[in-house]
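Visitor: The sequence and its predicted three-dimensional model are supplied below.
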Amino acid sequence: MADSDSGSPVRLAFHARIGIAAVLLAVAAIGAVVFGLRFIDSERERDLMVWQSRLGIVADSRAAAVTDWLARQFASLSGLAENASLQIYMTELVANPNDPGRGGRALAESGYLRNLLTVIADRGGFRPRVAQVDVAANVRRAGTAGIALVRDGRIIASTDSMPPIDGRIARFLADAPAAAPALLDLYIGPGGTPTMAFAVPIFAIQGRGEAARQLGWALGIKEVGPELYPLLRQPGSPWRTAEALLIRRDAGIIEFLSPTQAGDAPLTRSLSAETPHFVAAAVFDRPGDFILGRDYRGNDVLATGRRIAGTPWALAYQIDRAEALGDSDARLSRLTVGLVLVVAAFAAALIAAWWYGSTRRAEDATARFRDLARRFEAQSRLLKVVTDSQAGPMFVIDSDNRFRFANRATADRAGISVDDLMGKTLSSVFGPAEADRYVEANKEAMTIGERVVRVHQSGVNGSTRILQAAHVPVIGDPSVMPPGVMVVEEDVTEAIGERERRERTLQALIETMVAVIDSRDPNAGRHSSRVASVAKAIAEEMRLDAVLVRTAETAGQLMNIGKILVPNEMLTRNGALDDEERRLVRLSIQRGADLLKKVEFDGPVVETIRQMHEHWDGSGEPLGLVADDILFTAQIISVTNAFVAMASPRAWRKGLEIDDAFSRIADQTGTVFSPRVVTALRNLIENRGARETWRHFSALPGALPSPGANVDA
């Protein structure tokens, strides 16, 4: 039969149809691969950006804590070096070291200096961590820490536990630049623990910092582990594998100065800086960069770092990739597998089509070709089901702003069928004004070759909707699919509206509760609103993020909510409260926090209220938290509550002037109150006009009521 000839018109036409079908399948497969891979890459980049921000915030916080700690060490010794009595006595001891006429006086001066050094050493932590035992024998105790006054390598006066000035310490002082503070980097001291030395120059009276007038050094040696290493822990961190490490570089070696999660003691682990993909070396060389690599254990980690000013250190903050991106990687892997299966199905269809097209019988090949066509149609329907299942529009626009692909949501919005959309321009479907928004974002995505996200409104009057559109460049083979942009649009109107309604409801509830508090405690009226206002100003001055600023303001408004549980007669009584009643009034803060614990706030409002009576030095309540273990927002409320209470009049006293109130706050800095918060308050008063803004706090709203016994929380 003529039809069986390989060169017959029937067979040639059949092969042509098979070729066309194969091309169509290849186009669909390429499109699926491009769309899927672009989406997977964009999701992975988004997750990495989130972790870059998280790690950077913690690294900044821990680096600031270490820097503040170093500044406190020098400040402690500087206060000693600037003591006028010390300068006078040391001047005399240096000038007349062997004068026999000064025997008794020199002994008294030396005793005074030794007592002064002992007090400063105890206060600043320059003392041995393990108490030394006096032995009734002519045996010198090995000094591990202390403070000494040193001249020309000779100790003028020192604490009992001061190590001798020899070896490393002697070389340190000999090499220290004159008239400037100096630091001896971490080393293992005589006590077998990480140790540092700090030196501050001592000048003669009216020496004005001149090297020629330098009498010697105030030298402090400290075992730093119990103070320094806890600063590396981020309060409230939920991440099991996250850790902050202090490192330094010595030639081609990276040394770990702090303990590690692997159990290494400080200064015991070191690795070559040339170790492949070593994040610690990268952090040291490029502080501030976001780095993916391997840590000292060989684990894959995400990391960033900061240099510590005035030291050869860098702070590295890292987290295992498995913990940070485990869920994300698993989700993207499942998506990749699904994409591979779809492409494999297309490849199988192509192979089947060519195999069927090679058969010798035209009738059998035709039947098999029809079967292949049905399979291709099924795959097309599958892709259509996947895209049509999206709630929002998904479509592909080419460089001429014409539709190349669209799902059902896009067609529904346009009011025409999907088939009718193909080849039409954006302007003809959506109108010129709305089309311009897509065109501009598409151009930007194609120019930078990255995903671009835009939020805009669509519709008029009551039908206005808020839409979020992701514009993803699609760059394939121009001969198969022209370059274009895939637009994935999502209606976020309800989500934004719900969030705004929730915020309005919560704000109304807060204002109502504040009104109830003020109405029950007229002697402290407007106290909560003033605390909230000042707390917000301080948080903004400290450049906290928007959530923490709002947290400080809300906690200030609600801190006295617990007073609704205090009997009204106790709040307004004209006589003094007994001890138990005063305890109940202060306990109302914690009871108020219990009342609010089920309310959903954006930030840690409830914990802020619980911690507002914690003190910087750990003497507060209820947990005895210390320093930055206390939430920033709680540190702010602690200062603000005391400041507003002092500045505001009460039934039994007048309000203090703003400067007087601040002076009392400043007197308790470093014991009760956070130094950073007090500094921010000072800047607001002296440089931001707050003195005038808050001057009305001390004004009486009317005649003073009869003396009462109410106390501010």
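Guide: Arrived safely.

Visitor: switch to C-alpha atoms for all contacts and neighbour counts from now on
Guide: Will do.

Visitor: Number of residues surrounding Glu540?
Guide: Applying the criterion other C-alpha atoms under 10 Å, we find 17 residues in the vicinity of Glu540.

Visitor: backbone phi and psi for it, please?
Guide: For Glu540, the backbone dihedrals are phi -70, psi -40 (criterion: degrees, to the nearest 10).

Visitor: Against His277, how distant is it?
Guide: Applying C-alpha to C-alpha, to the nearest Å, the value for Glu540 to His277 is 39 Å.

Visitor: before we move on, what about Ala642?
Guide: 51 Å.

Visitor: Ok, Ile448 next?
Guide: Distance, Ile448 to His277, by C-alpha to C-alpha: 29 Å.

Visitor: Which segments of the chain make up each domain?
Guide: 82-130+140-228, 391-491, 496-698 (automatic domain parsing).

Visitor: neighbour-wise, which of Ile448 and His277 wins?
Guide: Comparing Ile448 with His277 by neighbour count (other C-alpha under 10 Å), the higher total belongs to His277, at 16 against 10.

Visitor: Would you mind listing the residues in contact with Asn401?
Guide: Going by C-alpha atoms under 8 Å, 6 or more residues apart in numbering, Asn401 touches Thr425, Leu426, Val439.

Visitor: who touches the second one in this structure?
Guide: Contacts for Leu426 were tallied using C-alpha under 8 Å, 6+ apart; they are Asn401, Arg402, Phe403, Pro432, Ala435.

Visitor: Nearest spatial neighbour of Ala244, chain-adjacent residues omitted?
Guide: Of all residues not flanking Ala244 in the chain, Tyr317 sits nearest, at 4.4 Å (C-alpha to C-alpha, 6 or more residues apart in numbering).

Visitor: bridging residues for the one you found?
Guide: In this structure, Tyr317 has beta-bridge partners Ala244, Thr304, where bridges are defined by DSSP bridges.

Visitor: Look up the pLDDT of it for me, please.
Guide: Each residue has a pLDDT score; the one for Tyr317 is 96.

Visitor: my read: it touches Asp295, true?
Guide: No - under the criterion of C-alpha atoms under 8 Å, Tyr317 lies out of contact with Asp295, with a separation of 10.7 Å.

Visitor: ok, these two, which is more surrounded?
Guide: More neighbours surround Tyr317 than the other of Tyr317 and Asp295, with 27 against 20 (other C-alpha under 10 Å).

Visitor: so how far is Ile416 from that one?
Guide: With the distance defined as C-alpha to C-alpha, Tyr317 ends up 54 Å from Ile416.

Visitor: do Val337 as well
Guide: With distances taken as C-alpha to C-alpha, Val337 is found 34 Å from Ile416.

Visitor: and if you look at Ile685?
Guide: Going from Ile685 to Ile416 by C-alpha to C-alpha gives 64 Å.

Visitor: And the two? Which one has more around it.
Guide: With other C-alpha under 10 Å as the criterion, Ile685 and Ile416 differ in neighbour count, and Ile685 comes out ahead with 17 against 13.

Visitor: dump the residue contacts of the nearest residue to the more buried one once chain neighbours are set aside.
Guide: The shortest distance from Ile685 to any residue other than its chain neighbours is 4.9 Å, reached at Arg691 (C-alpha to C-alpha, 6+ apart). With contacts defined as C-alpha under 8 Å, 6+ apart, the neighbours of Arg691 are Ile658, Asp659, Leu684, Ile685.

Visitor: Next one, pLDDT for the nearest residue to Pro312 once chain neighbours are set aside please.
Guide: Closest residue to Pro312 in three dimensions, ignoring its sequence neighbours and counting by C-alpha to C-alpha, 6+ apart: Arg248, at 6.0 Å. Confidence at Arg248, expressed as pLDDT, is 95.

Visitor: same question, Ala84
Guide: Looking at Ala84 specifically, the model assigns a pLDDT of 88.

Visitor: now swap in Asp436 and tell me
Guide: The predicted structure scores Asp436 at 84 on the pLDDT scale.

Visitor: Find the nearest non-adjacent residue to it, please.
Guide: Ser427 (7.9 Å).

Visitor: And for Gly624?
Guide: Closest residue in space to Gly624, ignoring its immediate chain neighbours: Gly618 at 4.7 Å, by C-alpha to C-alpha, 6+ apart.

Visitor: and the one you found, how far is that from Leu37?
Guide: Computed as C-alpha to C-alpha, the Gly618 to Leu37 distance reads 53 Å.

Visitor: how much space between the residue lying closest to Val566 once chain neighbours are set aside and Gly592?
Guide: If you skip the residues right next to it in sequence, Val566 has Val585 as its closest partner in space, 6.7 Å away by C-alpha to C-alpha, 6+ apart. When distance is defined by C-alpha to C-alpha, Val585 is 11 Å away from Gly592.
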